[in-house]
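Participant: Structure for this input, please:
(chains A, B, C and D)
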2 protein chains.
Amino acid sequence: MRIGELSARTGVPARLLRYYEEQDLLHPERDASGYRSYGEADAGRVEQIRGLLDAGLTTEIIRQLLPFLGGGIHLPAPCLTADMAQLLELQASRLGRRIDCLSRNRDALLGYLAAIRGPLQDRFGEQGDLVG
Amino acid sequence: MRIGELSARTGVPARLLRYYEEQDLLHPERDASGYRSYGEADAGRVEQIRGLLDAGLTTEIIRQLLPFLGGGIHLPAPCLTADMAQLLELQASRLGRRIDCLSRNRDALLGYLAAIRGPLQDRFGEQGDLVG
DNA sequence: TCCGACCTTCACATCAGTGTGAAGGCAAAT
DNA sequence: ATTTGCCTTCACACTGATGTGAAGGTCGGA
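Facilitator: Residues are numbered from 1 along each chain as shown, chains lettered A, B, ... in the order given. A predicted model of the protein is given here:
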């Protein structure tokens, strides 16, 4: 498919699809007239990229990680240096910290909402210390 | 404490502590000579801000959420409009999506690492050669 | 009293992710 | 053959988070 269709299917502006290509996150073919030609798998790939960008990762990190995220048919497996493995571990632990931080804060939010919405009325004077 | 000490204790550049104040995330007192004066609780607050920023939230969202995240002595509880509750719910669900996305990708990373490292545990981390 | 370490504000710079528009090529339909 | 619509590259600009430096105030110690 061409860039317009991929844009429509993913909701991501064509401008950004070109940007992701420039950043080496996407590698569409080109047809005879120079138009970008994307495969079906690219739709999922774009979703994945968006998710990671939204989660605060940079395009550079995403580029490094993408081949190992199972989003497609990549990784012939044994093309991994020790350095690369170390980087993957590092990034995995960073993701872990991010997840923990977000989880704590989401739980605090949900806890707060539950507290004010569940036993609504009566008990207002007592403020329990919620999650830190 | 003054800005230098808070910076040293949190590892966050003083420049950013000023920026967070400008963004209404911190509200230090001022001493007689105009120096910022932070309380003990601000250290934790800064950590929380950093975590959320790293996780891709903007200072604006953090500002809105911070009073409800239990990071301190805030929220007298019943000062919540319906609009505010809706916003908190929205943000909680966004956090949920972020968490899911990050979890999926971290699991993929860890799965990959386990797959290539499990079967051949013996030689690990010597030179920059291929592993697997 | 001077120095050095810390603080202040102001302001410009950088980087990533985007928005947006210009100027033009290609292709199908009118 | 011109319109219409999608595509191309180029390029300038904005925002949010951050780096950095200038010019100067405060303060404790030699």
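Participant: And chain B, is stretch A:49-66 touching that?
Facilitator: Yes. Contact between stretch A:49-66 and chain B, assessed by CB under 8 Å from any CB of the partner chain, occurs at A:G51, A:L52, A:L53, A:D54, A:A55, A:G56, A:L57, A:L65. The C-beta positions use only the backbone N, C-alpha and C, and glycine is treated the same way.
Participant: What number of residues are in the vicinity of A:A8?
Facilitator: Counted with other CB atoms under 10 Å in any protein chain shown, the neighbours of A:A8 add up to 11.
Participant: Next up, the contacts around it.
Facilitator: By CB atoms under 8 Å, 6 or more residues apart in numbering or on different chains, no residues touch A:A8.
Participant: So what does it look like in phi/psi?
Facilitator: Backbone torsions for A:A8, taken as degrees, to the nearest 10, come to phi -60, psi -40.
Participant: which two in the residues of stretch A:49-66 next to chain B are spaced the farthest apart?
Facilitator: Greatest spacing in the residues of stretch A:49-66 next to chain B, by CB to CB: A:D54 and A:L65 (14.9 Å).
Participant: So those two - more neighbours on which side?
Facilitator: A count of neighbours by other CB under 10 Å puts A:L65 above the other of A:D54 and A:L65, at 22 against 15.
Participant: Could you confirm whether the helix or strand that contains the more buried one reaches DNA strand D?
Facilitator: Counting by DSSP states H and E, the element that carries A:L65 is helix A:59-65. No. In terms of CB under 7 Å from any atom of the strand, no part of helix A:59-65 sits within range of DNA strand D; the closest distance is 12.9 Å.
Participant: thinking in terms of the whole chain, how far from its middle is the helix-or-strand element of chain A with minimal mean pLDDT?
Facilitator: For chain A, counting by mean pLDDT, DSSP states H and E, strand A:80-81 ranks last in confidence among helices and strands (a mean of 75). The chain centre lies 23 Å from the centre of strand A:80-81; the measure is CA atoms, centre = their mean, to the nearest Å.
Participant: Chain A against DNA strand C: which residues are in contact?
Facilitator: Residues of chain A lying near DNA strand C by CB under 7 Å from any atom of the strand: A:13, A:15-16, A:19, A:23, A:32-34, A:50, A:53-54, A:57-60, A:62.
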